[in-house]
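Engineer: sequence first, predicted coordinates after that:
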Amino acid sequence: MLLLFTGLLVYATIHLPARGDPEAPMHRKENVVGDPVAGAYFIGNAYRDAATPNMVTVILADYRSVDTLGEVIVVFTAGVCCLLILRRRMYD
Amino acid sequence: MTNPSESVIIVVVSRALARLIQLFGIYVIIHGHYSPGGGFQGGALLAAGVLLLRMTEGGRASQSEVSTEAAIPLAAVGALIFAGAGLVTLAFGGHYMDYGAVPVPGVEEPVVRYYGILLVEFGIGLAVMTALVAIFDDMVAPDPYGNAVDAAGDRAGTPPKL
């Protein structure tokens, strides 16, 4: 079963486009139905939109900031759960 | 609550080292606009500085860094800075987290976004740092007497109820 699944993954991997291939679907400016691709927009407009040279920071904290807010809430929830489970308190 | 280290060398060296680690953490947060880094990484470094003091100076002496009681409220403040930045942009008529919608006189929209990103990175750093400290404190303080540990690290001295 594992070998079958490994074979399936390897079969899928050898058909992936080469690294940095400008003709790969995720690197084009438009996808197959003609809509603009987000990645090309981020690369082209990150500095113009936020005056920040680090493109990754702009995507994490501006374009995709709601996702990052969810990550912060996950960390905060982990802290609260540790408090609720592990911290001993006197109840009387 | 961890006990202080018995070695003077470890305590003195870790005091100096903790400040350097925290300084580098602040640098990673602020310089995240220009180099790899940001709130999560910088917050982890700030927490590493606090936890180093927790382990060497002891839990009681290092309460002045981030106290056990204040850790979770500060994490909430950090998360609320982030969420509040989004609400401020909503109040000015933009989308949620659309920092450019906040009108600041004399400042162009990309620069407003620049400082919006910086603000939420500080919120992330604060939340991550204090959440990590809170998790550490909860894990190293198994109290056999079932008593709360107060802000000074002292336990109420009642015997266990059997």
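Structural biologist: All right, it came through fine.
Engineer: please make it C-alpha for all contacts and neighbour counts, starting now.
Structural biologist: Fine.
Engineer: could you dump whichever helix in chain A runs longest to PDB, C-alpha only?
Structural biologist: Secondary structure of chain A per DSSP state H: the longest helix is helix A:65-86. Taking Å, rounded to 0.1, in the frame of the first residue of the first chain, the C-alpha atoms of helix A:65-86 are listed here in PDB:
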ATOM      1  CA  SER A  65      -2.800  39.700   6.900                       C
ATOM      2  CA  VAL A  66      -6.100  37.900   7.900                       C
ATOM      3  CA  ASP A  67      -4.300  34.600   7.500                       C
ATOM      4  CA  THR A  68      -1.500  35.900   9.800                       C
ATOM      5  CA  LEU A  69      -4.100  37.100  12.300                       C
ATOM      6  CA  GLY A  70      -5.400  33.500  12.400                       C
ATOM      7  CA  GLU A  71      -1.800  32.300  13.100                       C
ATOM      8  CA  VAL A  72      -1.400  34.700  16.000                       C
ATOM      9  CA  ILE A  73      -4.800  33.500  17.400                       C
ATOM     10  CA  VAL A  74      -3.500  29.900  17.200                       C
ATOM     11  CA  VAL A  75      -0.400  30.800  19.200                       C
ATOM     12  CA  PHE A  76      -2.600  32.700  21.700                       C
ATOM     13  CA  THR A  77      -5.000  29.800  22.000                       C
ATOM     14  CA  ALA A  78      -2.100  27.400  22.600                       C
ATOM     15  CA  GLY A  79      -1.000  29.700  25.500                       C
ATOM     16  CA  VAL A  80      -4.500  29.800  27.000                       C
ATOM     17  CA  CYS A  81      -5.000  26.000  26.700                       C
ATOM     18  CA  CYS A  82      -1.700  25.400  28.500                       C
ATOM     19  CA  LEU A  83      -2.900  27.800  31.200                       C
ATOM     20  CA  LEU A  84      -6.200  26.100  31.600                       C
ATOM     21  CA  ILE A  85      -4.800  22.500  31.600                       C
ATOM     22  CA  LEU A  86      -1.500  22.900  33.400                       C
END
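Engineer: so is that helix next to chain B?
Structural biologist: Yes - judged by CA under 8 Å from any CA of the partner chain, helix A:65-86 and chain B are in contact via A:65-66, A:69, A:72-73, A:75-76, A:78-80, A:82-83, A:86.
Engineer: which bits of chain A sit near chain B?
Structural biologist: Proximity of chain A to chain B (CA under 8 Å from any CA) is limited to residues A:48-54, A:57-58, A:61-62, A:65-66, A:69, A:72-73, A:75-76, A:78-80, A:82-83, A:86-90.
Engineer: hmm, which of the residues you listed are the buried ones?
Structural biologist: Burial by neighbour count, judged by 16 or more other CA atoms under 10 Å in any protein chain shown, picks out A:49-52, A:54, A:57-58, A:61-62, A:65-66, A:69, A:72-73, A:75-76, A:78-80, A:82-83, A:86-88 from the residues of chain A next to chain B.
Engineer: so who does the closest residue to chain B within chain A touch?
Structural biologist: Minimum separation of chain A from chain B (CA to the nearest CA) falls at A:Ala50, amounting to 4.1 Å. With contact set as CA atoms under 8 Å, 6 or more residues apart in numbering or on different chains, A:Ala50 has these partners: A:58, B:109-114.
Engineer: distance of it from A:Glu71?
Structural biologist: Spatial separation of A:Ala50 from A:Glu71 under the definition CA to CA, to the nearest Å is 22 Å.
Engineer: A:Pro53 too?
Structural biologist: A:Pro53 is 23 Å from A:Glu71, where distance means CA to CA.
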